[in-house]
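Visitor: sequence-free structure coming up:
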């Protein structure tokens, strides 16, 4: 599909002088001038990117992978690559962004609702306030391009960018796009999708903007260390590890299933359970390790995992595919979401890359039975991992970074 721009500017034995692209209103040009293995982009290079998105980890963490790839592609340091983040002000969101070394600017906004509610009016007011705040921020910061990862907070900055004629890109991780992405798609130059078929969720006119990139993962198998993950939770070598993740906010249904059958689960192996901040219970039980949120070392404990039990948000699935993890997925139902998690889970379940448990009638005994079967049969787990390989996108972060840079110059013409 869309080639990584990194491949276009990678170190080569050849000498080339043709400009690759121009970026932003300052028309800063990337040139490959007598490239050697120690070559650098000219020091005059200066690109400024505005990131926006938030609410949950799925609207934040993938953008970190894009940010890292942009820096890698352009061989930039802090003086030549600037970026900042416009967010909703949630404490968790702010801590994640600032923890990644990105300047964070808070705006007001309102939740985008698909139903009538008395909260609709204050939400509309919030969006309007956020729009004018975004106008002021973007006028002051003068970014070359805006990248949106979705979530309701992204709409005001995208609208403001359109007003100020700042090129913008949005990325949708799920098979069924969220309302924010559907709105933003009308005002951006490119819409990055998780796979080619996802473009059918947009109108024929908007479909011309779609670029198939995949979903970037912030995790990396080559950096992970299973021994370090076990050590972090005091898990001895050789013991199976069941990692339970309900997303950045936790999942009460999954938590209750685990707590209902905790005695049986810990007999199968060590259980590492991310409960979410609001539903955390400090249960003391040998073999059970509960934490509100795994901020650091997630790739290490996933590398140690025998099985992962999880919701099926697209960002989480991208992480599990990257790490090659046998999955038990318990998606949010259509009543609690727009149906995106059901579609995400079914896409993996139909090819045998995951075991999917659907519906509110799921009981703890079902969960224990599935986990026991996976832990007991190495061949079943190996088969699942093998079926994941065709589902892994190749360098999604690199593709998105390429789209961002080309969109900044108005040269984004290659589509899926």
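Guide: In hand now; what should we look at? The structure displayed is predicted, hence computed values, not measured ones. Residues are numbered from 1 along each chain as shown.
Visitor: Average pLDDT for the longest helix along the chain, rounded please.
Guide: Longest helix of the chain, by residue count under DSSP state H: helix 120-141. Taken as a whole, helix 120-141 has a mean pLDDT of 91.
Visitor: Enumerate the positions of that helix that are buried.
Guide: 123, 126, 127, 130, 131, 133, 134, 135, 137, 138, 141 (16 or more other Cβ atoms under 10 Å). Just so you know, the C-beta spots here come from the backbone N, C-alpha and C atoms, and that holds for glycine as well.
Visitor: care to break this structure down by domain?
Guide: 5-215+395-408, 221-391 (automatic domain parsing).
Visitor: Which of these comes out lowest on mean pLDDT?
Guide: Lowest mean pLDDT within the domains of the chain: domain 5-215+395-408, at a mean of 80.
Visitor: Quick check: residue 157 touching residue 107?
Guide: Yes. The pair residue 157 / residue 107 is scored as a contact, 7.4 Å apart, by Cβ atoms under 8 Å.
Visitor: neighbour count winner among those two?
Guide: residue 157 (32 against 23; other Cβ atoms under 10 Å).
Visitor: any idea how far residue 405 lies from residue 62?
Guide: Noted for residue 405: a distance of 17 Å to residue 62, by Cβ to Cβ, to the nearest Å.
Visitor: My error: substitute residue 319 in the last question.
Guide: 10 Å.
Visitor: between the two, what contacts are shared?
Guide: 217, 218 (Cβ atoms under 8 Å, 6 or more residues apart in numbering).
Visitor: more neighbours, those two?
Guide: residue 62 (27 against 24).
Visitor: OK, contacts around that one?
Guide: 149, 171, 173, 215, 216, 217, 218, 315, 318, 397 are the contacts of residue 62 under Cβ under 8 Å, 6+ apart.
Visitor: try it again with 10 Å
Guide: By Cβ atoms under 10 Å, 6 or more residues apart in numbering, residue 62 lies in contact with 53, 149-150, 171, 173, 192, 215-218, 314-315, 318-319, 396-397, 400.
Visitor: Restricted to helices, list those residues.
Guide: Members of the contacts of residue 62 lying in helices (criterion: DSSP H): 314, 315, 318, 319, 396, 397, 400.
Visitor: Please, where are all the strands along the stretch 201-350 of the chain?
Guide: Using DSSP state E, counting those that start in this stretch, the strands of the stretch 201-350 of the chain run over residues 210-212, 241-245, 270-274, 288-291, 307-310, 327-329.
Visitor: what do residue 157 and residue 107 both touch?
Guide: Joint contacts of residue 157 and residue 107 (Cβ under 10 Å, 6+ apart) are 52, 86, 87, 130, 131, 133, 134, 137.
Visitor: ok, which pair from those is furthest apart?
Guide: Largest separation among those by Cβ to Cβ: 87 and 131, giving 15.0 Å.
Visitor: what ranges do the strands span in the stretch 51-200 of the chain?
Guide: Going by DSSP E, counting those that start in this stretch, the stretch 51-200 of the chain shows strands at 81-87, 103-106, 145-148, 168-171, 190-193.
Visitor: Mind giving me the packing neighbours of the last one?
Guide: Meaning strand 190-193. strand 145-148, strand 168-171, helix 179-184, helix 204-207, strand 210-212, helix 396-408 (3 or more Cβ pairs under 10 Å, 6 or more residues apart in numbering; DSSP states H and E).
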